[in-house]
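Undergrad: here is my input; please provide its structure:
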Amino acid sequence: MDMKEVLALGAELRNWGRWGAEDQIGTLNFITPAKVIEAGGLVRAGKSFSLCIPFDSKGPQSGGGRFNPLYFTRADGGDDAIGAQDRIPGGARFQDDFVVMPLQTATQWDSLSHCWYDGQLYNGVPSTTVSSTGARKNGIEHTKDRFVTRGVLLDIARSKGRDWLEPGYPITVADLEACAREEGVTIGSGDALLVRTGHQAMCRSQGSWGTYAGGDAPGLAIETARWLHSHEVCAVATDTWGMEVRPNEPDNAFQPLHMVLIRDMGMSVGEIFYLDQLAEDCAADRVWEFMFVAPSLPFTGAAGSPVNPIAVK
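TA: Residues are numbered from 1 along each chain as shown. Take a look at the predicted model:
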């Protein structure tokens, strides 16, 4: 597929105006009250799984525009030892701290202001609405109460009998459908789709993140956009840095599937999700669906948000 075809695909799948001219959450509109009730009914065993990696200096970022979280303690036991907290009456002492980090440095959601082309964001919003102080429309804050729905895990690596997919492997529609059949699940309107490639397992086996951040990786092929659209998936997330296959297809583009999903379809995209523990449990009990709760942090006008997604079974 060349860029002309990618742009045509975006135009074909475009959801602009589908939920009104002022819509800023896109496919999250598929999460209806009935869908939330359905998700609650999936809680049967009382098990919960965190789907985020640690937010610390040992994360996957290796340079460029993003870096791993920088953690600092503003008040600590050393302050107590030298009497710096003696001004606090009654003997109480405290730790106080802060973090400096890009909002998309670890497990995170992309907002609908994250990417665009031809001078327009999702729903025809002009790119001039994005400034150094943030996005006036389509910022992450509009999704803060939306990520409660049915989640489905498609463990593509396991379905192919592998510990992980090789970097550069494009996950096709046929792969998604074969995995769903094997797991005995269907993907429906308002579902959050989690796709495991095993890429983080590969990094652990090598003892290093290596080129995880921005390098070659397995991921969704551009052809899956039409499948995600027809199934009315509300959000898609993977265990990789960039969700889509890298090197990208076509090779003269950068993250073209992001452009179709986010800019044209208005779909929330999640990256760097930790899916291995959940996958082991799903393989053990053969239950691949769960209540999925993953609220974004409402940083006003932000292109993304750190998140601690929870799968509840």
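Undergrad: domains of this structure?
TA: Residue ranges for the domains of the chain, per automatic domain parsing: 3-62+103-312, 70-100.
Undergrad: just put the ones you listed in TSV and tack on mean neighbour count and mean pLDDT.
TA: (C-beta placed from N, C-alpha, C; glycine too.) Shown next, in TSV, are those (neighbours: other CB atoms under 10 Å; pLDDT from 0 to 100):
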stretch	mean neighbour count	mean pLDDT
domain 3-62+103-312	19	97
domain 70-100	11	94
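Undergrad: checking the residue most central in space within the chain next. Helix, strand or coil?
TA: Geometric centre of the chain, nearest residue: residue 270, 0.9 Å, by CA atoms, centre = their mean. In three-state terms, and counting by DSSP: H, G, I helix; E, B strand; the rest coil, residue 270 is strand.
Undergrad: disregarding flanking residues, what is the spatial nearest neighbour of it?
TA: What sits nearest to residue 270 in space, not counting adjacent residues and going by CB to CB, 6 or more residues apart in numbering, is residue 237, at 2.7 Å.
Undergrad: which residues does the one you found contact?
TA: Under the criterion of CB atoms under 8 Å, 6 or more residues apart in numbering, the contact list for residue 237 reads 109, 192-195, 243, 269-271, 273, 309.
Undergrad: swap in 7 Å and give it another go.
TA: 194, 270-271, 273 (CB atoms under 7 Å, 6 or more residues apart in numbering).
Undergrad: and if you look at residue 113?
TA: Residues in contact with residue 113 (CB under 7 Å, 6+ apart) are 121, 130, 135, 138-139, 303.
Undergrad: switch the cut-off to 8 Å
TA: Residue 113 makes contact with 121-122, 125, 130, 135, 137-140, 301-303, according to CB under 8 Å, 6+ apart.
Undergrad: ditto for residue 305
TA: 103, 108-109, 111, 140, 143, 296-299.
Undergrad: what about 6 Å?
TA: 103, 109, 140, 296-297 (CB atoms under 6 Å, 6 or more residues apart in numbering).
Undergrad: and for residue 257, nearest residue in space, chain neighbours not counted?
TA: Nearest to residue 257 is residue 244, by CB to CB, 6+ apart, at 3.9 Å.
Undergrad: thanks a lot, see you next time.
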